[in-house]
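In: Would you be able to build a 3D model of this:
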Amino acid sequence: MTTIAEADYPQQATRIDGRALAAAVKADLAERVALLHLQDIRPGLGTILVGEDPASHSYVAGKHRDCRKVGIASQRVELPSTATQADLDREIDLLNRDDACTGFIVQLPLPRHLDMHRALSLVDPGKDADGLHPNNLGKLVLGMPGPLPCTPRAILELLRHQGVSLQGSRVCVLGCGLTVGRPLALMLTSPAVNATVIACNEATADAAAWTREADIVIAATGVAHLVRPDWIRPGATVLSVGLSRTIEGVLGDVHPDVASVAGLLSETTGGVGPMTRAMLLANVVEMAELNSQGDEALCRWSDNADE
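Out: Numbers count the residues shown, from 1 in each chain. Sure thing, here's the model as predicted:
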C-alpha cells in the first residue's frame, strides 16, 4: 500500500460549519414564511414517529424546534412500537388530507415489523418533505422538479458554500442507502453538477483505494471510524455523514485523525446534520410557495432540482 509522508499532510483541516450555514438558511426561510403569512398561507410540517428510539425522538424534537424558529406550524404524531401497519397507514392518510400540513415525513427507521416502502409510497408526493416518495425519486432520475432528499441536498449546499468545485471533481460516496448514498450519486451526476462519482458499498473490495483517488469523500455508512487518515489524499474534502451509537458515545464514519490529512472536513456533529434539518424546512416552505405561486415557484423548484 502506498503511504503518504507525514510532511505532505496539511497541519489541520478547516472545519465545515454546518450550524452557521443552517442558521443563515433558516433566517432566509423565516423571511419567506413571513411573506407567505401576509398572503394568509401558513406552511406546516407534520412528523410521524413510531417507537421509542432515543435518536429518532431527538431528531424529531430538533425539527419541531426549527419550525418554531422560522414560523412554520408543526404537528407531531407519535405511535407506540406496537403500532400496526394499519395504524401507520391511517396516520399517513390523515396528514395527506390535512390542509394545515404542507409537507410531512415518516421518521426512519421504522420498527422492523412495519413496511417502510409501503409507508413512503402512501405519502402524497406533493407533501413529501423528505423527497423519498417513489414518484419524487423518479423525478430526480429524470431531472424533473420535485422535493429533494434532505441530506444529499444539505451536502451539496455545504460544498457550494465552501467554494468546493464539483464539476469534473472525483467524488467517492461510501454507502448506497436510500436516504443518502443513492440519491446523492444521482444529484452529483446531474448535468448541472457533472461530478465523476464512485459509489462504494459493503461489497466493494478495498474501498480505500477509491477514496485515496478522490477529491471529495462522503462517508454515509454508519460504520464507526471507517475512514482513516491513510484513506484520504492530502488536501481532500471529507464529509462525515453516518453515525454510530457505541459504548464510547456517538461516533462518526470518519476518524478524528483525518483532520491531519484533509483540507476541509465536516465532523460528526455540527456539519451535515444541522443542514439536513434546514433543508427539510426548505422543502416545506417551497411546497407552500408552489401552492401559492404556481408556475413561478415550480420554475424555482426545477432550478433547485438541477443543482
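In: C-alpha only now, for contacts and for neighbours.
Out: Will do.
In: doesn't I16 make contact with G263?
Out: No - applying Cα atoms under 8 Å as the test, G263 and I16 come out as separate, 10.2 Å apart.
In: Which residue ranges of the stretch 151-300 of the chain form strands?
Out: For the stretch 151-300 of the chain, applying DSSP state E, counting those that start in this stretch gives strands covering 170-174, 196-200, 216-219, 237-240, 243-246, 249-252, 264-266.
In: So for the protein, which residue is the most central one in space?
Out: Nearest residue to the geometric centre of the chain (Cα atoms, centre = their mean): T151, 0.7 Å.
In: From H161, how far out is it?
Out: Using Cα to Cα, to the nearest Å, T151 is found at 15 Å from H161.
In: for K69, same thing?
Out: From K69 to H161 the distance is 22 Å (Cα to Cα).
In: same thing with Q39?
Out: Distance, Q39 to H161, using Cα to Cα: 31 Å.
In: Same check on A205?
Out: Distance from A205 to H161, by Cα to Cα: 33 Å.
In: And G235, by the same measure?
Out: 17 Å.
In: So for the two, which sits in the more crowded spot?
Out: G235 (21 against 12; other Cα atoms under 10 Å).
In: what's the pLDDT at that one?
Out: Note on G235: pLDDT of 96.
In: And E248, by the same measure?
Out: pLDDT for E248: 82.
In: now swap in the one 10 residues further on and tell me
Out: Here the pLDDT value assigned to V258 is 96.
In: Tell me who's in contact with G126.
Out: Counting by Cα atoms under 8 Å, 6 or more residues apart in numbering, G126 makes contact with G103, M287.
In: Equivalent analysis for L88, please.
Out: L79, A119.
In: hang on, M279 packs against P152?
Out: No - with contacts counted by Cα under 8 Å, M279 stays clear of P152, the gap being 9.4 Å.
In: what about the stretch 151-300 of the chain, any weak spots by pLDDT?
Out: Filtered on pLDDT under 70, the stretch 151-300 of the chain yields the residue ranges 294-300.
In: Show me where it has its helices.
Out: Remark: helices assigned in the stretch 151-300 of the chain by DSSP state H, counting those that start in this stretch are 181-188, 207-211, 272-293, 295-306.
In: Comparing these, which comes out most buried?
Out: Stretch with highest mean neighbour count among the helices of the stretch 151-300 of the chain: helix 272-293 (a mean of 23; mean count of other Cα atoms under 10 Å).
In: Show me what that one is packed up against.
Out: helix 18-38, strand 44-50, helix 54-70, strand 103-106, helix 150-161, helix 295-306 (3 or more Cα pairs under 8 Å, 6 or more residues apart in numbering; DSSP states H and E).
In: quick check, distance from it to the centre of its chain.
Out: Its chain's C-alpha centre lies 12 Å from the corresponding centre of helix 272-293 when counted by Cα atoms, centre = their mean, to the nearest Å.
In: ok and that helix relative to helix 18-38, angle-wise?
Out: Orientation of helix 272-293 against helix 18-38 (axes from the mean of the first three to the mean of the last three Cα atoms, to 10 degrees) gives an angle of 20 degrees.
In: how is this protein carved up into domains?
Out: Following automatic domain parsing, one gets these domains for the chain: 40-125, 150-273.
In: would a markdown table of the strands of the stretch 151-300 of the chain with mean neighbour count and distance to N136 be doable?
Out: Below are the strands of the stretch 151-300 of the chain laid out as a markdown table (neighbours: other Cα atoms under 10 Å; distance: least, Cα to Cα, whole Å):
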| stretch | mean neighbour count | distance to N136 |
| --- | --- | --- |
| strand 170-174 | 25 | 22 |
| strand 196-200 | 19 | 21 |
| strand 216-219 | 28 | 23 |
| strand 237-240 | 28 | 25 |
| strand 243-246 | 15 | 26 |
| strand 249-252 | 17 | 29 |
| strand 264-266 | 25 | 28 |
